[in-house]
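>>> Mind folding the following:
(chains A and B)
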2 protein chains.
Amino acid sequence: MKISFSLFKLILISLFTTLCNTAYAEVVLPAPNGIKYPAGLKNWRVISTSYRKDNDTQRAILGNSIAINAARSGQTIPWPKGSILAKLVWKNTQHPQWEAAIVPGEFVHSEIMIKDSKKYPTTKGWGYARWTGTAQEPYGKDDTFSGECLTCHTHAIDSDYVFTIPATIP
Amino acid sequence: MKISFSLFKLILISLFTTLCNTAYAEVVLPAPNGIKYPAGLKNWRVISTSYRKDNDTQRAILGNSIAINAARSGQTIPWPKGSILAKLVWKNTQHPQWEAAIVPGEFVHSEIMIKDSKKYPTTKGWGYARWTGTAQEPYGKDDTFSGECLTCHTHAIDSDYVFTIPATIP
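Purely as a prediction, here's the structure:
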């Protein structure tokens, strides 16, 4: 198989990015339930976006490769083992040059949910974690914080406890 | 250098994804000004998100590697040659299980802007293109459509004609 120059470049960029982000992830502390901040999260691909009127935020929803493959093939009920969905959440703010456009302001938190029914039986098969602010401080005083996550996510019981509906991306 | 198994997996995924998306991109026709739909666009990394109250849409803003590097190092005035910013745009719709959450509904269009001052001098150094709907039909009857793009983007003259302010991603 002939590998084109741009493909070779992409591989090099992947390599470089992964190494950089592995280094970064080491300085973010794990959540109180032991879940670690995934290396390279900010390089993951997009599953969807959303904004919320109740807490005045907007977010990008990204996925690891298992989640992306599931989202793109419509295999999300249930999501496969190893899927990780990540939300990057910002406060809403008005765009300075286009008043009807609402864009990301202050960074609020990143949060993930990891599918593993054997590892997380008490929270319906998903492990939850959140890191607050640009300092990425682990959320929660002890490992009971996941109960808060589950309370909300139970609204999405029919879609395997996941609110995110993968957006149409042609 | 020792290459870990997950890194090797990432490289394989990049390879596979690039090949798949190259194949896909061949069926999307170029814009009337000759700009081609970038292969693998939907796998690009996130620069920001936004929603608009004037046309009831929300969007993910992605970038090619040149744009991502510029965004993450704060080198965006001007954006470097070769930067491509892409917008995936959806109609807003209410989440079925969380009424205050507004999520992507119908896919509206994807659009890109490519920085190349020598190639696109009549549109202030940026080449514009848009593909409409899930069929990704090229927008515009002839190559004068870029004038419409420029009219709006002139509001963002102070940020090199780019509305997108890279979101804080720790």
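>>> which stretches of chain A form strands?
Taking DSSP state E as the criterion, chain A contains strands spanning A:45-52, A:57-63, A:84-95, A:98-115, A:126-132, A:137-138.
>>> mind checking which of those is nearest A:L150?
Evaluated over these, closeness to A:L150 peaks at strand A:126-132, with 7.4 Å, by Cβ to Cβ. Glycine gets a C-beta too; all of them are placed from N, C-alpha and C.
>>> Looking at the strands of chain A, spot the one closest to B:A70.
Nearest to B:A70 among those is strand A:98-115; the distance by Cβ to Cβ comes to 17.3 Å.
>>> near chain B at all, the closest one?
Yes - for strand A:98-115 and chain B, the contact criterion (Cβ under 8 Å from any Cβ of the partner chain) is met by A:W98, A:A100, A:A101, A:I102, A:V103, A:P104, A:E106, A:F107, A:S110.
>>> quick one: the last one and A:A86 touch, right?
What it means is A:S110. Yes - with contact taken as Cβ atoms under 8 Å, A:S110 and A:A86 are classed as touching, separated by 6.3 Å.
>>> any common contacting residues for the two?
Residues touching both A:S110 and A:A86 by Cβ atoms under 8 Å, 6 or more residues apart in numbering or on different chains: A:L41.
>>> okay, these two: which has more neighbours?
Neighbours were tallied for A:S110 and for A:A86 using other Cβ atoms under 10 Å in any protein chain shown; the higher tally belongs to A:S110 (26 against 23).
>>> residues contacting the more buried one?
A:Y37, A:L41, A:A86, A:K87, A:L88, A:V89, A:R130, A:W131, A:Q136, B:P170.
>>> From A:W90, how far out is it?
Separation of A:S110 from A:W90 (Cβ to Cβ, to the nearest Å) stands at 10 Å.
>>> Likewise for A:F163?
Between A:F163 and A:W90 the computed distance is 17 Å (Cβ to Cβ).
>>> What of A:A39?
Remark: distance between A:A39 and A:W90 (Cβ to Cβ) = 22 Å.
>>> between these two, who's got more neighbours?
Each of A:A39 and A:W90 has its neighbours counted (other Cβ under 10 Å); A:W90 has more, 22 against 17.
>>> what sits against the more buried one?
With the criterion set at Cβ under 8 Å, 6+ apart, A:W90 makes contact with A:T57, A:Q58, A:R59, A:P104, A:G105, A:E106, A:F107, A:V108, B:T49, B:A167, B:T168.
>>> Could you do A:H95 as well?
Contacts of A:H95 by Cβ under 8 Å, 6+ apart are A:A101, A:I102, A:V103, B:S50, B:F163, B:I165.
>>> 6 Å - rerun?
A:A101, A:V103 (Cβ atoms under 6 Å, 6 or more residues apart in numbering or on different chains).
>>> and A:I114, bridged to which residues?
A:I84, A:G127 (DSSP bridges).
>>> Run a quick neighbour tally on it.
For A:I114, the count of nearby residues is 24 (other Cβ under 10 Å).
>>> Check A:N43 too.
For A:N43, the number of neighbouring residues by other Cβ under 10 Å comes to 18.
>>> The one 4 residues further on now?
A:I47 is surrounded by 26 other residues when neighbours are defined as other Cβ under 10 Å.
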